[in-house]
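S.K.: coordinates only, sequence not included:
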């Protein structure tokens, strides 16, 4: 089967599956799954850029996605003026001092002389600088967090439309990727994996603990939406007209009170569908743009160069390609795409909850998507994202049902049965792990393998 | 003078003793990572979860023993369970090797493929552990809790500050010393150990001189699984067992292995202590300590904590980054890279 027909078959199957969910469960559930499929698709594209194009193993996807989430908060929330007044000055001073200390440290590091004097100086700069930063930072943080802690207790954001955060989130993630890439690229490939694992844990730890920035585990809820609210729609006469027109067939035979109550019910149902559809439209647009860019990039001379580097670094370097620079570039690009998806996810959730960032959900699941879909193939990554997310969601009811059937021979009050049913959710991880290992072992190309060379 | 003694005791109680125990636990874990790295040549991401798996088996056996009324006197019952658990964990590790890693070794896949496979194994193990024992905290310590109690120490010395030594801490250090001694004896004196070192130095030459690669790989897995199980058990006895915490231990263990020089067993031990002591000293609040040492007028107001305990993983990460930047081979030269 050619790659094109495989892709068509794959996406066709996905469409049928989603339709079945919509038909038998509800269209609401189907759209909820579809929206997350789209976001996962973008994340998988980001990972595919790193792994599929260049063979960079990033185990810190969670951290980059979380950067996007922070961007959503910092862009969309209105600024908290009283908090800025309470601690803004000190915070800005500490930021200036931080930059200065880093500048001096870099200056010392580049100093030509080496020996104990340099090391001593470096130590003094870093330690003294740290104490100085803390001198301004601590009171600022205390003042900000003490300012109306139940409701805000943080600096707020810029108060801009949340859609801008998709770009900012990408930039944030790119910044983190630049730092990690600078340190770990160019060394053994395992080190990048270890370093990304570390940075993602630290980024999430920061989001949990720096209350002045993100409210920490108190979460930020009620983020503004780029799409209308359900309640506003339900009150809008225009929307009511649309619904009436759309369902005119069903409403036709009814009269008076019956018609009014059915109409009301339909309006409530369609308002939530409409909101989800709006999100789908936005996400689909972003996905298509990113996908198109990815496809063009991979087909361009740049794409060939990157794949050449992946397949043989030594010979690519011999051809005059700057391997480390290209790796850094790709690492930043891929992470930025993940950051964009992270911001979109937080937008969809409408709230930022740092404790929801779990490596299993955000790092590992995305990896399974890319490997199953086909690393190196953009469409494959997207297809993998759709398929795996669908399985991930639908596996829970299926798993519970299966566990219920399997344990039905046991007594209802049996401890073992309770334990097994409660633990069924952990089986998902186990099964996903098995899927990943199996595909890696027996079909390393995935569903849609990378297409190489002339056909 | 009394103030000075008080400060020393305080420091020993909250920094030195916990640091030694934690360092020994990390060192045992890092030894496993380093051994696997030098023989199989990949960074094993599943090591934290291998620890969790081994500890889980220990806990299950301990519960079974306890329910049958078997205890180990003043020592924790878990120690009785360790040998069986080591055997089971080693068998499990060998199974993963046979099912997963062996293939990549045979096709001579690049190391990053092995790393990826180990990430897959990590999640399988993680799911398995959560499925069997659940994601929550488990405390399985029994027996005598303290060797020296803080109050007894205060009474004995007449100081303000107490010094408490938990039996789990002493146990950790003693077991670590015994294990490390045995391991080095094994690596340096026995035939199998020597063939392992030869294999790690030069695989082709080792194969030419008739060393069986299967045997070397097998022994390495058994050693790594054993070390991981014991390290995990000691950590669990000292603190408590929670699958996610064990997953997070991966980072300090990696740092320890890299700091000491990957592939170098002495380095792994050194690295374990470097990471543990940096973590403990950086996250310790020095307020009381300084109050004892400084004249009353200069007593600090804040906690005098360099970094909040929530960021203890940042410490191992920063150490890792600094070592990668300044000295990628580690403190004691690791051989690969």
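M.R.: Good, I have the coordinates. None of the values given here were measured: they were computed from a predicted structure.
S.K.: for the chain, what spans make up the strands?
M.R.: With no chain named, the answer covers chain A. A:220-221, A:351-352 (DSSP state E).
S.K.: looking at chain B here, not the other one
M.R.: Under DSSP E, chain B gives strands at B:146-148, B:165-166.
S.K.: what's the closest of the ones you listed to residue A:344?
M.R.: strand B:165-166 (48.4 Å; Cβ to Cβ). Glycine gets a C-beta too; all of them are placed from N, C-alpha and C.
S.K.: who does that closest one touch, helix- and strand-wise?
M.R.: Identification of packing neighbours for strand B:165-166 by 3 or more Cβ pairs under 8 Å, 6 or more residues apart in numbering or on different chains; DSSP states H and E yields strand B:146-148.
S.K.: count of neighbours near residue B:321?
M.R.: Applying other Cβ atoms under 10 Å in any protein chain shown, we find 19 other residues in the vicinity of residue B:321.
S.K.: just give the nearest non-adjacent residue to residue B:185, would you?
M.R.: residue B:193 (8.0 Å; Cβ to Cβ, 6 or more residues apart in numbering or on different chains).
S.K.: isn't the one you found up against residue B:182?
M.R.: No - if you go by Cβ atoms under 8 Å, residue B:193 and residue B:182 don't touch, sitting 10.4 Å apart.
S.K.: looking at the two, which is more packed in?
M.R.: More crowded of residue B:193 and residue B:182, by other Cβ under 10 Å: residue B:193, with 17 against 10.
S.K.: what residues does that one make contact with?
M.R.: By Cβ atoms under 8 Å, 6 or more residues apart in numbering or on different chains, the contact set of residue B:193 is B:185, B:186, B:187.
S.K.: was I right about residue B:143 contacting residue B:66?
M.R.: No - checked against Cβ under 8 Å, the pair residue B:143 and residue B:66 is beyond contact range at 11.0 Å.
S.K.: joint contacts of the two?
M.R.: residue B:77.
S.K.: contact partners for residue A:246?
M.R.: Contact analysis of residue A:246 by Cβ under 8 Å, 6+ apart lists residue A:270.
S.K.: got it, and residue A:208?
M.R.: By Cβ under 8 Å, 6+ apart, residue A:208 lies in contact with A:216, A:217, A:354, A:355, B:310.
S.K.: center of chain A, which residue is that?
M.R.: The centre of chain A sits closest to residue A:342, judged by Cα atoms, centre = their mean, with a distance of 3.0 Å.
S.K.: how about the nearest residue to that one once chain neighbours are set aside, what does it touch?
M.R.: Leaving aside its sequence neighbours, residue A:342 sits nearest to residue A:68 (Cβ to Cβ, 6+ apart; 2.6 Å). Counting by Cβ under 8 Å, 6+ apart, residue A:68 makes contact with A:165-166, A:169-170, A:172-173, A:338-346.
S.K.: check residue B:88 too.
M.R.: residue B:57.
S.K.: that one and residue A:403, how far apart?
M.R.: Counting by Cβ to Cβ, to the nearest Å, the separation of residue B:88 from residue A:403 is 25 Å.
S.K.: again, but for residue A:362
M.R.: Counting by Cβ to Cβ, the gap from residue A:362 to residue A:403 is 26 Å.
S.K.: looking at these two, which is more packed in?
M.R.: Higher neighbour count among residue A:362 and residue A:403: residue A:362, with 23 against 18, using other Cβ under 10 Å.
S.K.: pretty sure the more buried one sits against residue A:62.
M.R.: Yes - using Cβ under 8 Å, residue A:362 makes contact with residue A:62 at a distance of 3.7 Å.
S.K.: leaving out chain neighbours, which residue sits closest to residue B:55?
M.R.: In space, residue B:55 is closest to residue B:232, 3.7 Å off (Cβ to Cβ, 6+ apart).
S.K.: for the one you found, grab the count of nearby residues.
M.R.: Residue B:232: 31 neighbours (other Cβ under 10 Å).
S.K.: let's have the strands of chain B in TSV, adding mean neighbour count.
M.R.: Shown next, in TSV, are these (neighbours: other Cβ atoms under 10 Å in any protein chain shown):
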stretch	mean neighbour count
strand B:146-148	16
strand B:165-166	18
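S.K.: closest one to residue A:227 among the ones you listed?
M.R.: strand B:165-166 (56.3 Å).
S.K.: can you pull out the residues in contact with that closest one?
M.R.: Outside strand B:165-166, the residues touching it (Cβ under 8 Å, 6+ apart) are B:17, B:21, B:145, B:146, B:147, B:148, B:238.
S.K.: how close does the last one sit to residue B:148?
M.R.: Between residue B:238 and residue B:148 the distance is 16 Å, computed by Cβ to Cβ.
S.K.: tell me which parts of the stretch 151-300 of chain B are close to chain A?
M.R.: For the stretch 151-300 of chain B, the residues in contact with chain A (Cβ under 8 Å from any Cβ of the partner chain) are B:247, B:248, B:250, B:251, B:254, B:258.
S.K.: out of these, grab the one that's most surrounded.
M.R.: Highest count within these by other Cβ under 10 Å belongs to residue B:258, 34 neighbours.
S.K.: you'd agree that one is up against residue A:194?
M.R.: Yes - between residue B:258 and residue A:194 there is a contact at 7.3 Å, judged by Cβ under 8 Å.
S.K.: give me the common contacts of those two.
M.R.: residue B:320.
S.K.: tell me how far the residue nearest to residue B:185 lies from residue B:183.
M.R.: Per Cβ to Cβ, residue B:193 is found 9 Å from residue B:183.
S.K.: how many neighbouring residues does residue A:115 have?
M.R.: With neighbours defined by other Cβ under 10 Å, the count for residue A:115 comes to 7.
S.K.: residues in contact with it?
M.R.: If you count contacts by Cβ under 8 Å, 6+ apart, residue A:115 has none.
S.K.: likewise residue B:308?
M.R.: Neighbours of residue B:308 in contact, by Cβ under 8 Å, 6+ apart: A:209, B:283.
S.K.: need phi/psi at it.
M.R.: With angles defined as degrees, to the nearest 10, residue B:308 sits at phi -70, psi 150.
S.K.: what's the closest non-adjacent residue to residue A:430?
M.R.: Excluding its sequence neighbours, the residue lying closest to residue A:430 (Cβ to Cβ, 6+ apart) is residue B:127, at 3.2 Å.
S.K.: per-residue confidence for residue A:1?
M.R.: At residue A:1, the model reports a pLDDT of 67.
S.K.: list the contacts of stretch B:105-116.
M.R.: Outside stretch B:105-116, the residues that touch it by Cβ under 8 Å, 6+ apart are A:55, A:57, A:188-190, A:193, A:367, A:440, B:40-43, B:45, B:101, B:104, B:217.
S.K.: wait, I meant stretch A:210-224
M.R.: Contacts to stretch A:210-224, defined as Cβ under 8 Å, 6+ apart, come from residues A:70, A:72-74, A:76-77, A:83, A:87, A:91, A:140-141, A:144-145, A:152-155, A:161-162, A:206-209, A:346-347, A:349-355.
S.K.: list only those of these flagged as buried.
M.R.: For those, a burial check counting by 16 or more other Cβ atoms under 10 Å in any protein chain shown picks out A:70, A:72-74, A:76-77, A:83, A:87, A:91, A:140-141, A:144-145, A:152-155, A:162, A:206-209, A:346-347, A:352-354.
S.K.: which of the residues you listed fall within helices?
M.R.: Those of the buried ones among the contacts of stretch A:210-224 mapping onto helices are A:70, A:72-74, A:76, A:83, A:87, A:91, A:140-141, A:144-145, A:206-209, A:346-347, per DSSP state H.
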